[in-house]
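Q: would you be able to build a 3D model of this:
(chains A and B)
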Amino acid sequence: MMTIEQIITALDARVLRGHDKLDQNIYCACCSDLMSDVLAFVNNEKTALLTGLTNIQVVRTAEMLDLKCLIFARGKVPDEQVLDAADELGLVVLTAPRTMFTCAGILFEGGVRGASLPWPGLES
Amino acid sequence: MIQAKYTVVRGDYARAGEASADIKRTLKQLGVDSSTLRRIAVASYESELNMVIHSLGGTLTLVIDNDRVKLTSNDLGPGIFDVNEAMQEGYSTADDIARNYGFGAGMGLPNMRRNADKFAIYSMVPDGTTIEMEFNIG
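A: Okay, here's the model as predicted:
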């Protein structure tokens, strides 16, 4: 588990939205550019989504799953409309100047774990 | 009994998910627990996306009756040639636009079936596809 504040420090991330919600705990992270897979495999609301995709459907996916935090890797910044939609939902939005692989490694090292795989035939 | 009907427009990725977000808000106001709410929202969103990506457009209907939620998607075509094939994980006919938005992994229909307590799909080429899902919220 890491707090979002700890995640910001560890990733050298910049806060784009949700400055007042950084004390939340993040237990799980999902690292994907494929929202179909995120929708299929994430089942814990205290999850951060790490992605390089910046369109509105990333926010919608987070909304359906009650995710708390979006982290855009490789220094990507979504446009204002996407950021405002995330803000309306109360999401914390970060951008990190590292690749997805490096971000994921740092979070894992900090104690954040991957989503369990509830899909039949796959290991938890 | 509560009923709502939403129009889903072919190729409208900017608004895809708005119906499901509204359905989720309605159910949250009724006090549906967060885990059930998530299952319904994901299944609804997947069906809405399927209509945006694959169909000529259609409707998504919500019916809340006591302790049951029924979601029905009904599209205008072109129908699914082989439903069994479409139900397989990883099978997809999505185009590059859908993939650019992060969809088209071939997980939509299986994910709907997994999240719903009852799931049925009927399809006719070229008339269209109907998906009926039920969720217990009691």
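Q: ok, the spatially most central residue of chain B to residue A:1 distance?
A: In chain B, the residue lying closest to the centroid (Cα atoms, centre = their mean) is residue B:47, at 1.7 Å. Going from residue B:47 to residue A:1 by Cβ to Cβ, to the nearest Å gives 34 Å. Every residue, glycine included, has its C-beta placed from N, CA and C.
Q: ok, residue A:89 to residue B:95 distance?
A: Computed as Cβ to Cβ, the residue A:89 to residue B:95 distance reads 28 Å.
Q: is the longest helix along chain B anywhere near chain A?
A: As assigned by DSSP state H, the longest helix anywhere in chain B is helix B:34-54. Yes: Helix B:34-54 reaches chain A (Cβ under 8 Å from any Cβ of the partner chain) through B:34, B:37-38, B:41-42, B:44-46.
Q: whichever of those residues end up buried, select them in PyMOL.
A: Selection of buried members from the residues of helix B:34-54 next to chain A for PyMOL, criterion 16 or more other Cβ atoms under 10 Å in any protein chain shown:
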select buried, chain B and resi 37+38+41+42+44+45+46
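Q: more neighbours, residue A:89 and residue B:95?
A: The residue with more neighbours, out of residue A:89 and residue B:95, is residue A:89; 18 against 12, by other Cβ atoms under 10 Å in any protein chain shown.
Q: could you pull out the helices for chain B?
A: Residue ranges of the helices in chain B, as given by DSSP H, are B:18-29, B:34-54, B:83-86, B:96-100, B:108-115.
Q: skip the chain neighbours and tell me the closest residue to the residue nearest to the centre of chain B.
A: Spatial nearest neighbour of residue B:47, chain neighbours left out: residue B:73 (4.2 Å); criterion: Cβ to Cβ, 6 or more residues apart in numbering or on different chains.
Q: hey, what's the one you found bridged with?
A: Beta-bridge pairing for residue B:73 (DSSP bridges): residue B:60, residue B:131.
Q: list the contacts of it.
A: Counting by Cβ atoms under 8 Å, 6 or more residues apart in numbering or on different chains, residue B:73 makes contact with B:8, B:47-48, B:50-51, B:58-61, B:129-131.
Q: how close does the spatially most central residue of chain A sit to chain B?
A: By Cα atoms, centre = their mean, chain A has its centre lying nearest to residue A:49, at 2.2 Å. Distance check for residue A:49 against chain B: by Cβ to the nearest Cβ, to the nearest Å, it reads 11 Å.
Q: report the secondary structure state of that residue.
A: Of the three states, residue A:49 takes strand under DSSP: H, G, I helix; E, B strand; the rest coil.
Q: OK, contacts around residue B:47?
A: For residue B:47, the contact set (Cβ under 8 Å, 6+ apart) comprises B:60, B:71, B:73, B:108, B:112, B:131, B:133.
Q: now the third one: how far from residue B:102?
A: Applying Cβ to Cβ, one obtains 20 Å for the distance of residue B:73 from residue B:102.
Q: same check on residue A:46?
A: 22 Å.
Q: kindly report the residues of chain B close to chain A.
A: B:13-14, B:16-17, B:20-21, B:24, B:34, B:37-38, B:41-42, B:44-46, B:100-108, B:110-111, B:114.
Q: filter these down to the buried ones.
A: By the neighbour-count criterion of 16+ other Cβ under 10 Å, the residues of chain B next to chain A include these buried positions: B:13, B:16-17, B:20-21, B:24, B:37-38, B:41-42, B:44-46, B:101-108, B:110-111, B:114.
Q: from the contacts of residue B:47, which single one is nearest residue A:95?
A: Closest approach to residue A:95 among those (Cβ to Cβ): residue B:108, at 29.0 Å.
Q: the closest one contacts residue B:48, doesn't it?
A: No: using Cβ atoms under 8 Å, residue B:108 is not in contact with residue B:48; the gap is 10.1 Å.
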